[in-house]
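Undergrad: Kindly return the folded structure for what I paste below:
(4 chains)
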Protein chains: 2
Amino acid sequence: MPDGSARTRTARAKKVPAGEAPAAEPPAKDTARVRSPDAERTRLDIIAVARSEFVEKGLDGASVNDIAARTRTTKPMIYYYFGSKEKLYAAVMEEAYGGMRAVEQSLRLEHLEPMEAVRRLVEVTFDYHADNPDFVRLIAIENIHLARHIAAAPAIAKRNAAVIEIIRALLKRGEQEGVFRKGVDPVDLHLLISSFCFYRVSNRHTWSAIFGRDVETAKHAAAQRRMIVEAVERYLAA
Amino acid sequence: MPDGSARTRTARAKKVPAGEAPAAEPPAKDTARVRSPDAERTRLDIIAVARSEFVEKGLDGASVNDIAARTRTTKPMIYYYFGSKEKLYAAVMEEAYGGMRAVEQSLRLEHLEPMEAVRRLVEVTFDYHADNPDFVRLIAIENIHLARHIAAAPAIAKRNAAVIEIIRALLKRGEQEGVFRKGVDPVDLHLLISSFCFYRVSNRHTWSAIFGRDVETAKHAAAQRRMIVEAVERYLAA
DNA sequence: GTCTATAAATGGATAGAC
DNA sequence: GTCTATCCATTTATAGAC
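TA: Numbers count the residues shown, from 1 in each chain, chains lettered A, B, ... in the order given. Below you'll find the model as predicted:
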């Protein structure tokens, strides 16, 4: 089993963790001091193309040949940089969570009334998923593969679990002010919010095939946005 | 593009819809009068094995070789019965929705008070998803493939859209009795319920990788079940 | 209807020159 | 670091005997 990708290694001193063949000294990838500007440019090019291919066709559906063809470089370079198709995919996954994380960090909910803060949290979560269907697809694909690749990269988990603390603080404040009920679990609340925002994007194809409704219609999207906001507000109300 | 699979054809009189090569008279599959009992047995055997392989590895990840190996028959037979890997997958998909549909039909909500009926609807939906993770995976996989295969089989859509009428009737009754608010869209309500029940199963792997919580723990499952019931009840309350 | 054997293409991955 | 050319396993799919 791979360790996620070479990216997680930060210290040059550390050698290959003893097990696989060293494979011709992979490029040391310090974000601080990059070996070659071109190398990093090539690397980002590969990641961008790979992301789009994996989004469209999944891990098994995508082919390294096709990825290489859309790159400015060639197939052996992909293996030189990433070692395998699966490690390339893992590198794509690692970047995928970045956006939502950034949004969550910029929320600054502590300046708002608790109920107002919840509304904002839900709306922001809704909008992010609606605006980033590629992100949603990547997560769905990763779940098909049992989250093997993000499970192998603990850094991802650590950074992402931060939302829970934001929600926990908000719940506590709301309880103390008497506007929220007591005993709500922050992880479960996050589940309630995320599930709706995610599912309406991830399952929009079966949904529109079965119910003949284009979920993405602006009119329905707005109604659904109001719906989840209100559902969460009412659920939390004291 | 295929029409879904040979299964949807009911009349023997109908010939191949003009386009592809007839390919050696595919087995006429009337559920009423089956040609050979063994043939139907073989067919069901293939479907069962294929379902399990597709569930585990997805459409692209599964291989016809592996499916055939686990069957009591051989690879050419799979092509004889289904024509292609993708049509075999489509046949699996067509059966996938059967269970949930059956559950919905047996609900008999009209004998319950509206609020009690909603609770029951939510609980049954929750339990079905929790007890059938394979079903959830198939739907997730189908969405990765843009629901191409169920979109090609309109019969699936028609049968499944029936829940909406059940919900619509329930909402109307609740409104008239004054216990439900007005103006709730039945499709959106179905979305609110389904999203939570589906997502907590479909995304349990990334979820447990990130939040380190096994969603399937009985304790958490029970809490989440109460949560979605209560969230929907409060959302609907007049 | 059911099998053995194989075609034909594509897949991931590398050797080795520069 | 980057490329050309290629290896070899695996894949979907069929031909053809029975």
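
Undergrad: From the rest of the structure, what touches the worst-scoring helix or strand of chain A on mean pLDDT?
TA: For chain A, using mean pLDDT, DSSP states H and E, the weakest element among its helices and strands is helix A:154-160, scoring a mean of 89. Residues outside helix A:154-160 that contact it (C-beta atoms under 8 Å, 6 or more residues apart in numbering or on different chains): A:Thr8, A:Met93, A:Glu94, A:Tyr97, A:Met100, A:Arg101, A:Ile150, A:Ala151, B:Ala209, B:Ile210, B:Phe211, B:Gly212. Any C-beta I mention is one placed from the backbone N, CA and C, and that applies to glycine too.

Undergrad: hmm, stretch A:180-197 in reach of chain B?
TA: Yes: shown here: stretch A:180-197 in contact with chain B (C-beta under 8 Å from any C-beta of the partner chain) through A:Asp185, A:Val187, A:Asp188, A:Leu191, A:Leu192, A:Ser194, A:Ser195, A:Phe196.

Undergrad: Does the residue lying farthest from the centre of chain A fall in a helix, a strand, or a coil region?
TA: In chain A, counting by C-alpha atoms, centre = their mean, A:Gly178 sits farthest out from the average C-alpha position, at 34.0 Å. Following DSSP: H, G, I helix; E, B strand; the rest coil, A:Gly178 is assigned to coil.

Undergrad: residues in contact with it?
TA: Taking C-beta under 8 Å, 6+ apart, one finds A:Ala238 in contact with A:Gly178.

Undergrad: What of A:Leu88?
TA: Per C-beta under 8 Å, 6+ apart, neighbours of A:Leu88: A:Ser5, A:Ile46, A:Ile47, A:Ala50, A:Val64, A:Ile67, A:Ile78, A:Phe82.

Undergrad: where in chain A is pLDDT low?
TA: Per-residue confidence for chain A (pLDDT under 70) gives these ranges: A:1-35, A:215-216.

Undergrad: what's the longest helix belonging to it packed up against?
TA: When chain A is parsed with DSSP state H, its longest helix is helix A:37-61. Here helix A:37-61 touches helix A:64-70, helix A:75-82, helix A:85-96, helix A:133-144, helix B:37-61, going by 3 or more C-beta pairs under 8 Å, 6 or more residues apart in numbering or on different chains; DSSP states H and E.

Undergrad: Out of those, which gets nearest to DNA strand D?
TA: DNA strand D lies closest to helix A:75-82 among those, at 3.3 Å (C-beta to the nearest atom of the strand).

Undergrad: Just the buried residues of that closest one, please?
TA: For helix A:75-82, the neighbour count (16 or more other C-beta atoms under 10 Å in any protein chain shown) marks A:Met77, A:Ile78, A:Tyr79, A:Tyr80, A:Tyr81, A:Phe82 as buried.

Undergrad: Same question for stretch A:90-110.
TA: Applying a neighbour-count criterion of 16+ other C-beta under 10 Å, one finds A:Ala90, A:Ala91, A:Val92, A:Met93, A:Glu94, A:Ala96, A:Tyr97, A:Met100, A:Glu104, A:Leu107, A:Leu109 buried in stretch A:90-110.

Undergrad: Break chain A down into its structural domains.
TA: A:6-94, A:98-236 (automatic domain parsing).

Undergrad: Quickly compare those domains and say which is most buried.
TA: Compared across the domains of chain A, domain A:98-236 shows the largest average neighbour count, a mean of 18 (mean count of other C-beta atoms under 10 Å in any protein chain shown).

Undergrad: residue nearest the centroid of chain A?
TA: Short answer for chain A (C-alpha atoms, centre = their mean): A:Tyr97, at 2.6 Å.

Undergrad: who's in contact with it?
TA: Per C-beta under 8 Å, 6+ apart, neighbours of A:Tyr97: A:Ile150, A:Ile156, A:Arg159, A:Asn160.

Undergrad: Angles on the backbone of it, please.
TA: phi -80, psi -10 (degrees, to the nearest 10).

Undergrad: gap between it and DNA strand D?
TA: Look at A:Tyr97 and DNA strand D: by C-beta to the nearest atom of the strand, to the nearest Å, they are 26 Å apart.

Undergrad: what does chain A put close to DNA strand C?
TA: Contact residues, chain A versus DNA strand C (C-beta under 7 Å from any atom of the strand): A:Ala62, A:Ser63, A:Val64, A:Asn65, A:Asp66, A:Lys75, A:Pro76, A:Tyr79, A:Ser84, A:Lys85, A:Glu86.
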